[in-house]
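Trainee: How does the following fold in three dimensions:
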Amino acid sequence: MPSPSVRFVSFGQAVVAACLLLGAALLEWQPPRELTAALVTVAYLTLCLVSWRHHRHSKAIQSLAPDALLIAYASQGGQARELAERSAAQLHEAGLTCNVLPLNRLDTLQGIRRALFIVSTYGEGEAPDNAARFERRLSSQAMDLSHLEFAVLALGDARYSHFCGFGQRLDARLRERQAAPLFDLLCADRGDSGILRHWQHQLGHLSGRSDYSDWQSAPYQPWRLDTRARLNPGSSGAPVFHLTLGGPATAFWQAGDIAEIGPQHPLREIEALLLRLGHDPHQPIPGGQTLALALSKRRLSSDETTLADHDVDALLSLPLLPHREYSIASVPADGTLELLVREARHADGRLGLGSGWLCQHAVLGGELALRIRSNPNFHGPAHSTPMILIGNGTGLAGLRAHLRERAAVPGSRNWLLFGERNQSIDYFFQQEIEHWLRTGHLQRLDLAFSRDQLEKRYVQHALRDAADELRCWIDAGAALYVCGSLEGMGRDVQQILVGLLGEAQLNTLSEQGRYRRDLY
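Mentor: Okay, here's the model as predicted:
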């Protein structure tokens, strides 16, 4: 006997069907008039309730601002909702329109271009109550989400065996349905402040505004700026500087970790501002700083008149400047922490705050505020795992740290693909890279200098042309590491990899920790 077919229906559909069956039954059975009236009243009120619920839900969905960025949260105890609201506030301050709602209120992802998901994990890897229905729908329905760009912030507790289980499943399901990650999954263990700062940093990239306040402040350590050298004089691109810093003897990091820099406004500009406001810039304040030095680390309005009625206490209560993140280009065995920083400028020509501070204003031999953030999502694989490193521009910093780390133990297999503008000017660390190639530390080197020929050639083109070699390395167990700009290189490399390896294999590599990205 064939099995009866099973079809899932909504609660509203089930109630309507029950009412129809009840009506049919009443045609066969003639109950007392009072009971008939009661049954009809119950059916009517039930339909009204379903209609009201559907109308309320539809109204909420229809009220979403078109073309806005969606922030959907899954929260069991309220933390994810709070972070969703904070994210929306930061983006709103930068001029972006956001829609914030719980996942179960989201009927469809069709028509949504960009979405951020902030999700907790409940129990042993389960979805919170206000997300379980959405997960079932996403898992059971075939859908094409190639129009969607997304990012996931997963909240969890590493003491559980399925750490951030729901967030990891959500990220995987969205990728399987061809949604494109804006940046890779971030997993925060018990509200890890470093991960939350990095999430804010990524929001700054999305909005194009980096003048936000950190949700959770963390202490910096004093480091010394030892050297600063421009690597590309005469380049058609912005200046790139190689910086070396000395710090505490106990400082430790791994390849892939991040230096968070506490930037400052140029001290001379702050001293001039304080004089115009009628304050003594050299006035000592608690902590051994001058008023000017303390104010140089704080967010200031571009409209100077807003500070006219601020006394010293009000000035010192202004929020601190947000940190800036840079990939570390060295390993502790080098004895210095090294950075590769490109000058950034605003549309009006002003230097960016972070790069301006590091590349121009910070005094050689002077003190920098720095803290190291562990970035396990970009830590290296086992030494025996072959490694394919892909990057452009200052993204070479993070890849260089991995190559230096692996050079400490001879015998690893490494392949570098790097792209920049002109080989004669923009080939950063050329002598070191070519030494690695001669000695066998690099088994293969592919370079793409976009301006050295009429038809521009980028690192993704070098990857495409090495398709057969790429597949051989992947079949041999290689891990793919990509570091550099998200726009352009990061997206194009992702598309090339999908074309060469297939979406399913790339997702598998990601789940195995063999495809990792550090994009900005």
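Trainee: what does the model give the residue lying closest to Gly352 once chain neighbours are set aside for pLDDT?
Mentor: Closest residue to Gly352 apart from its sequence neighbours, by C-beta to C-beta, 6 or more residues apart in numbering: Ala344 at 3.5 Å. For glycine as for every other residue, the C-beta is placed from the backbone atoms N, C-alpha and C. Predicted confidence (pLDDT) for Ala344: 93.
Trainee: count of neighbours near Ala344?
Mentor: Number of residues near Ala344 (other C-beta atoms under 10 Å) recorded here: 16.
Trainee: for Ile270, same thing?
Mentor: By the criterion of other C-beta under 10 Å, Ile270 has 22 neighbours.
Trainee: Flag every buried residue along the helix or strand harbouring it.
Mentor: In the assignment (DSSP states H and E), Ile270 maps to helix 267-277. Buried residues in helix 267-277, defined by neighbour count with 16 or more other C-beta atoms under 10 Å: Leu267, Ile270, Glu271, Leu273, Leu274, Leu277.
Trainee: which one of these is nearest His361?
Mentor: Leu267 (7.7 Å; C-beta to C-beta).
Trainee: My read is that that closest one contacts Leu293, right?
Mentor: Yes: between Leu267 and Leu293 there is a contact at 6.8 Å, judged by C-beta atoms under 8 Å.
Trainee: low-confidence ranges in the stretch 301-450 of the chain?
Mentor: Applying pLDDT under 70 to the stretch 301-450 of the chain flags no residue at all.
Trainee: Tell me where it has helices.
Mentor: 312-316, 353-356, 396-407, 423-426, 430-439 (DSSP state H, counting those that start in this stretch).
Trainee: re earlier: turn the buried residues of helix 267-277 into CSV, including distance to Phe134.
Mentor: Output for those, formatted as CSV (distance: C-beta to C-beta, whole Å):
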residue, distance to Phe134
Leu267, 51
Ile270, 49
Glu271, 54
Leu273, 50
Leu274, 53
Leu277, 52
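Trainee: Relative to Gly419, how far out is Ser450?
Mentor: As judged by C-beta to C-beta, to the nearest Å, Ser450 and Gly419 stand 7 Å apart.
Trainee: typed the wrong thing, it's Ala115
Mentor: 30 Å.
Trainee: Asn232 too?
Mentor: Counting by C-beta to C-beta - Asn232 and Gly419 are separated by 14 Å.
Trainee: Who has more neighbours out of those two?
Mentor: Legend: neighbour count by other C-beta under 10 Å for Asn232 and Gly419, higher for Gly419 (27 against 20).
Trainee: close enough to count as contact, Glu503 and Gln178?
Mentor: Yes: counting by C-beta under 8 Å, Glu503 touches Gln178, with 6.5 Å between them.
Trainee: What does Arg159 show for phi and psi?
Mentor: phi -80, psi -10 (degrees, to the nearest 10).
Trainee: mind checking pLDDT for it?
Mentor: Here the pLDDT value assigned to Arg159 is 87.
Trainee: The chain should start at 795 in everything you say after this.
Mentor: Renumbered: residue one is now 795, and that last one reads Arg953.
Trainee: I'd like to know how far it sits from Glu918.
Mentor: Counting by C-beta to C-beta - Arg953 and Glu918 are separated by 11 Å.
Trainee: And for Ala1102?
Mentor: 57 Å.
Trainee: Show me the strands in the stretch 1095-1244 of the chain, by range?
Mentor: 1118-1121, 1131-1136, 1161-1167, 1181-1186, 1208-1214, 1238-1243 (DSSP state E, counting those that start in this stretch).
Trainee: and Asp1220, which of these is closest to it?
Mentor: Smallest distance to Asp1220 across the strands of the stretch 1095-1244 of the chain (C-beta to C-beta): 3.8 Å, for strand 1208-1214.
Trainee: Show me which parts of that closest one are buried, residue by residue.
Mentor: With burial defined by 16+ other C-beta under 10 Å, the residues of strand 1208-1214 counted as buried are Asn1208, Trp1209, Leu1210, Leu1211, Phe1212, Gly1213, Glu1214.
Trainee: Closest one of the residues you listed to Arg1118?
Mentor: Checking those one by one against Arg1118 (C-beta to C-beta), the nearest turns out to be Glu1214, at 22.0 Å.
Trainee: Look up how far Gly1150 lies from that closest one.
Mentor: In terms of C-beta to C-beta, Glu1214 sits 22 Å off from Gly1150.
Trainee: go on, Gln1048?
Mentor: According to C-beta to C-beta, Gln1048 stands 29 Å off from Gly1150.
Trainee: returning to that earlier point: redo the buried residues of strand 1208-1214 as a markdown table? Include distance to Glu1132.
Mentor: Formatted as a markdown table, the buried residues of strand 1208-1214 follow (distance: C-beta to C-beta, whole Å):
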| residue | distance to Glu1132 |
| --- | --- |
| Asn1208 | 19 |
| Trp1209 | 23 |
| Leu1210 | 17 |
| Leu1211 | 21 |
| Phe1212 | 17 |
| Gly1213 | 21 |
| Glu1214 | 18 |
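Trainee: of these, closest to Arg927?
Mentor: Using C-beta to C-beta, the buried residues of strand 1208-1214 come closest to Arg927 at Leu1211, 43.4 Å.
Trainee: Now render the strands of the stretch 1095-1244 of the chain as JSON lines, adding distance to Gly1031.
Mentor: JSON lines is the format used below for the strands of the stretch 1095-1244 of the chain (distance: least, C-beta to C-beta, whole Å):
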{"stretch": "strand 1118-1121", "distance to Gly1031": "18"}
{"stretch": "strand 1131-1136", "distance to Gly1031": "8"}
{"stretch": "strand 1161-1167", "distance to Gly1031": "25"}
{"stretch": "strand 1181-1186", "distance to Gly1031": "11"}
{"stretch": "strand 1208-1214", "distance to Gly1031": "8"}
{"stretch": "strand 1238-1243", "distance to Gly1031": "11"}
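Trainee: Of those strands, give the one that comes closest to Ser1001.
Mentor: Evaluated with C-beta to C-beta, the strands of the stretch 1095-1244 of the chain place strand 1118-1121 nearest to Ser1001, the distance being 15.2 Å.
Trainee: so how far is that closest one off the chain centroid?
Mentor: 13 Å (C-alpha atoms, centre = their mean, to the nearest Å).
Trainee: Show me what it is packed up against.
Mentor: Applying 3 or more C-beta pairs under 8 Å, 6 or more residues apart in numbering; DSSP states H and E, one finds that strand 1118-1121 contacts strand 1052-1056, strand 1131-1136, helix 1147-1150, helix 1190-1201.
Trainee: and of those, who's closest to Leu1158?
Mentor: strand 1131-1136 (14.1 Å).
Trainee: what are the pairing partners of the closest one, and which direction each?
Mentor: Sheet pairing of strand 1131-1136 (DSSP bridges) gives strand 1034-1040 (antiparallel).
Trainee: could I get the strand it pairs with in PDB with only the CA atoms?
Mentor: Taking Å, rounded to 0.1, in the frame of the first residue of the first chain, the C-alpha atoms of strand 1034-1040 are listed here in PDB:
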ATOM      1  CA  VAL A1034      52.600  52.400   1.300                       C
ATOM      2  CA  PHE A1035      54.800  52.300   4.400                       C
ATOM      3  CA  HIS A1036      56.600  49.500   6.300                       C
ATOM      4  CA  LEU A1037      56.600  50.200  10.000                       C
ATOM      5  CA  THR A1038      58.500  48.400  12.800                       C
ATOM      6  CA  LEU A1039      57.500  48.700  16.400                       C
ATOM      7  CA  GLY A1040      59.100  47.600  19.700                       C
END
